[in-house]
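K.L.:
Can you look at this prediction? I've put the sequence above it.
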Amino acid sequence: VTDNVSSSFEAVATSCVNDETQAFIPDVAGGEWSSDCGACISNSGFFSPALAGIGGHTVTYTIAGACGTTTSLPTTVYSLPDASFTSAPTSGCIPLFIELTAPTSANAATCQWGLIDGSGGSQWVEDCGDSFMVIEAPGCYDVIHNVTDANGCTNSSLVQTAICGNEPPSSAFAYSPTHLSVYDPIITAWAIDSLESNQFQWTIDELDFGSSHRTQVNLTEIYSNPFNLCLHVSDDVGCATSTCKSIVMSEGISAYAPNAFTPDQDGTNDAWRIVCGGDVQSLELRIFDRWGRLVFETNEIEHWWVGD
């Protein structure tokens, strides 16, 4: 009496439809492989989940001959989770808030959203529901959605150049003179580092004062002090920025020179000096007679001339 030849083999009980080919290992080599999924099992015992397709299958190993045996084992191929998604908007101005939407899946175990920039840098969020991400730097980004379900199957969906973030135009500006005075009533302001093809809007305390790259304002038209000078800039893709500066307008340097005095020592108008406002910090004064000779000079605001 001869023992039956074992046809037992080790099989992978479950797999995902995108798994690599699996090796089914028999106790005794030389048998014949077959299955109800046709070519999903090779003559050498390699099982292809992709060829088998989703669902339950039976794989059989047969040892021929009078003492041969046959063994059949089940194996199940799982489908992949749904990794499809939508993202919106497709473009905009940074910082750009992106809404990422995926179908609801009760079987999802872990999920990842990824933004990948042109240099390969990425940012990730783990969330199996709808999610939000923010693009801080200009450029175009790929979006990837990875989903792993309770069966351990993983699927990914990638959309290349899904979102482009545009850098807003510069709204920086300068103005002259930098120290404003009622005695110098014209202020000129101009945009810095902004294309002249952009759209410009100058405002002072929310009133329009020009729509070009450069503007001039007569300060006599301004009725507040200090006042806010603002530049609003937008480009042809709709990105916009604003810059405002609070500007104080001084009264200017005030000085009065009396045109007569009486140095007769009678106690009235005996001396003469320049009468200065509080904003005058220093002066340089010279007085000449009719023949061009210097008769008096001072650098002191409170220095009086007594006519000598």
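P.N.:
Done, it's in. On a predicted model such as this, the values are computed, not experimentally measured, just so you know.

K.L.:
Quick one: residues contacting residue 158.
P.N.:
The neighbours of residue 158, taking Cβ atoms under 8 Å, 6 or more residues apart in numbering as the test, are 142, 143, 144, 145. Backbone N, C-alpha and C define where each C-beta goes, glycine included.

K.L.:
beta partners for the first one?
P.N.:
Counting by DSSP bridges, residue 142 is bridged to residue 116.

K.L.:
So it sits against residue 164, correct?
P.N.:
No - contact criterion Cβ atoms under 8 Å: residue 142 and residue 164 do not qualify, at 11.0 Å.

K.L.:
How many residues are close by residue 31?
P.N.:
As a burial measure, residue 31 scores 22 neighbours (other Cβ atoms under 10 Å).

K.L.:
ok, so what distance separates the residue nearest the centre of the chain from residue 117?
P.N.:
In the chain, the centroid-proximal residue (Cα atoms, centre = their mean) is residue 136; its distance is 1.6 Å. Distance of residue 136 to residue 117, given as Cβ to Cβ, to the nearest Å: 10 Å.

K.L.:
What is the nearest of the contacts of residue 158 to residue 197?
P.N.:
When the contacts of residue 158 are compared for distance to residue 197 (Cβ to Cβ), residue 142 wins out at 30.4 Å.

K.L.:
And the closest one, how far from residue 201?
P.N.:
36 Å.

K.L.:
And for residue 137?
P.N.:
Separation of residue 137 from residue 201 (Cβ to Cβ): 27 Å.

K.L.:
So these two - more neighbours on which side?
P.N.:
Regarding residue 137 and residue 201, a neighbour count based on other Cβ under 10 Å identifies residue 201 as having more, with 18 against 13.

K.L.:
If you count neighbours, what's buried in the helix or strand hosting that one?
P.N.:
Assigned by DSSP states H and E, residue 201 belongs to strand 199-204. Buried residues in strand 199-204, counted by 16 or more other Cβ atoms under 10 Å: 200, 201, 202, 203, 204.

K.L.:
can you check stretch 153-163 too?
P.N.:
Neighbour-count burial for stretch 153-163 flags 153, 154, 155, 159, 162, 163 (criterion: 16+ other Cβ under 10 Å).

K.L.:
Can you pick out the most distant pair from the residues you listed?
P.N.:
153 and 163 (27.6 Å).

K.L.:
mind listing the helices for the chain?
P.N.:
Secondary structure of the chain (DSSP state H): helices at 49-52.

K.L.:
If you rank every helix and strand of it by mean pLDDT, what lands last?
P.N.:
When each helix and strand of the chain is scored by mean pLDDT, DSSP states H and E, strand 255-256 comes last, with a mean of 70.

K.L.:
what pLDDT does the closest residue to residue 14 other than its chain neighbours get?
P.N.:
Spatial nearest neighbour of residue 14, excluding adjacent residues (Cβ to Cβ, 6 or more residues apart in numbering): residue 76 at 4.9 Å. Note on residue 76: pLDDT of 98.

K.L.:
Could you give the number of residues near residue 76?
P.N.:
For residue 76, the neighbour count with other Cβ under 10 Å is 15.

K.L.:
Identify the bridge partners of it.
P.N.:
Residues in a beta bridge with residue 76, per DSSP bridges, are residue 14, residue 56.

K.L.:
if I read this right, it contacts residue 56, doesn't it?
P.N.:
Yes - shown here, residue 76 and residue 56 form a contact pair, counting by Cβ under 8 Å, at 5.0 Å.
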